[in-house]
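J.: Based on what follows, work out the 3D shape:
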Amino acid sequence: MKTALITGGAGFIGSHLCDLFVKKGWRVICLDNLLTGSLENIRHLRRRRRFCFFRHNIAQPTCPKGRIDLILHFASPASPVDYLLYPIQTLKVGALGTHNCLGIAKAKGARFLLASTSEVYGDPHVHPQPEEYWGHVNPIGPRGVYDEAKRFAEALTMAYHRVHRLDTRIVRIFNTYGPRMRLKDGRAIPNFITQALRGEAITIYGSGRQTRSFCYISDMVDGIYRLTQAGTTDPVNIGNPAELSLNGLARRIKKIAGSPSPFAHRPLPTDDPKQRQPDIRKARRLLKWRPRVKLEDGLAATIRWFRPRV
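T.: Predicted coordinates:
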């Protein structure tokens with residue numbers, strides 16, 4: 001039986017990956033310090049024989065006993081609210097946490113996958129963003145703690161690949177949504193849904209003309225799994241290239257939720273990107289992957305999950 005170690009496994013994407021690997025017959029070790037993750041996300045797995053949970057901060061050294069075949073490093077605050085609240089922890093998990101995970105992978109002879117992010121592209125000057133684009137990032141701005149932590153993590157991953165011949169993968173994750181997002185996550189979709197279901201004003205930052213591309217969680221974890229099985233060590237974008245303004249997103253959520261909420265505009269946060277759209281030609285070619293869930297269907301499923309929790 002193969003074993004996967006998933007850091008940040010009690011988080012939004014991490015918990016769905018735990019589900020996927022358990023379903024595929026893997027033994028899963030879920031490691032999370034619960035800074036932003038939740039035991040509720042993995043409660044249904046706790047009694048499964050092939051699943052075990054350890055509460056640990058991966059920025060501190062550890063080495064689980066026994067065989068490990070694959071490490072998926074997903075531990076990190078991942079929303080602006082989180083990494084502005086926990087800037088040092090974000091930098092530590094990106095640097096020290098990645099270093100510790102790579103050390104475990106080296107010791108165990110395991111394949112290693114780094115969860116990177118579209119934030120490595122910053123406020124991009126190239127649109128859509130291909131993997132070859134180096135980005136436009138403010139390293140000392142408030143968002144820099146997350147952007148630069150992930151850029152450093154990518155550099156460290158590639159250094160271990162080149163120097164120690166470690167078998168590595170890097171996924172650059174674009175905006176993802178679905179069940180198990182936190183109500184106070186701080187990102188657009190959970191904010192809009194929570195406000196719409198409560199009948200509160202839907203808060204849109206800036207003009208609302210800035211664009212994002214949203215990928216449903218089932219498509220995301222499918223793409224990540226395919227990357228773990230692929231032969232490439234270069235970064236690969238996983239996301240949905242269907243681009244939408246935040247104004248358009250807010251209108252769709254309001255309609256699907258059947259909400260009377262008005263819209264309210266607030267000043268745009270510092271260094272907030274104006275455009276975000278993945279170039280997924282590499283994923284299509286190498287992974288035979290493309291997103292399949294339509295935005296309306298994904299939003300409806302997400303709203304159904306949020307409704308009893310709001």
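J.: Compute the distance between Gly11 and Leu31, please.
T.: Computed with C-beta to C-beta, to the nearest Å, the distance linking Gly11 and Leu31 is 11 Å. To be clear about C-beta, it is placed using only N, CA and C from the backbone, and glycine gets the same treatment.
J.: shared neighbours of the two, anything?
T.: Shared contacts of Gly11 and Leu31 (C-beta atoms under 8 Å, 6 or more residues apart in numbering): Ala75.
J.: Near the nearest residue to Lys2 once chain neighbours are set aside, how many other residues are there?
T.: Closest residue in space to Lys2, ignoring its immediate chain neighbours: Asp69 at 4.4 Å, by C-beta to C-beta, 6 or more residues apart in numbering. Using other C-beta atoms under 10 Å, Asp69 has 16 neighbouring residues.
J.: who's in contact with Asp69?
T.: The contact partners of Asp69, by C-beta under 8 Å, 6+ apart, come to 2-4, 108, 110-111.
J.: for Leu227, phi and psi?
T.: Main-chain dihedrals, Leu227, degrees, to the nearest 10: phi -70, psi -40.
J.: Then the one 10 residues further on?
T.: Asn237 has phi and psi values of phi -70, psi 130 when expressed as degrees, to the nearest 10.
J.: thinking it is in contact with Tyr121, fair?
T.: No. Here Asn237 does not reach Tyr121: they are 9.5 Å apart, not a contact under C-beta atoms under 8 Å.
J.: any common contacting residues for the two?
T.: Gln129.
J.: quick one: which of those two has more around it?
T.: Each of Asn237 and Tyr121 has its neighbours counted (other C-beta under 10 Å); Tyr121 has more, 28 against 24.
J.: thought that one was touching Pro130?
T.: No. In this structure Tyr121 lies outside contact range of Pro130 using C-beta under 8 Å: 9.5 Å.
J.: could you point out the longest helix in the chain?
T.: Criterion DSSP state H: the longest helix present in the chain is helix 144-164.
J.: quick one: buried residues of that one?
T.: Counting neighbours by 16 or more other C-beta atoms under 10 Å, one finds that the buried residues in helix 144-164 are 144-151, 153-154, 156-158, 160-161.
J.: Now stretch 110-121 - C-alpha only, CSV.
T.: The C-alpha coordinates for stretch 110-121 follow below in CSV (Å, rounded to 0.1, in the frame of the first residue of the first chain):
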residue,chain,number,x,y,z
ALA,A,110,9.6,10.0,-1.9
ARG,A,111,8.2,12.1,-4.8
PHE,A,112,7.5,15.6,-3.6
LEU,A,113,4.8,18.0,-4.9
LEU,A,114,4.9,21.7,-3.9
ALA,A,115,1.6,23.6,-3.8
SER,A,116,2.6,26.9,-5.3
THR,A,117,0.3,29.6,-6.4
SER,A,118,-0.7,32.0,-9.2
GLU,A,119,0.4,34.7,-6.7
VAL,A,120,4.0,34.1,-7.9
TYR,A,121,3.0,36.1,-11.0
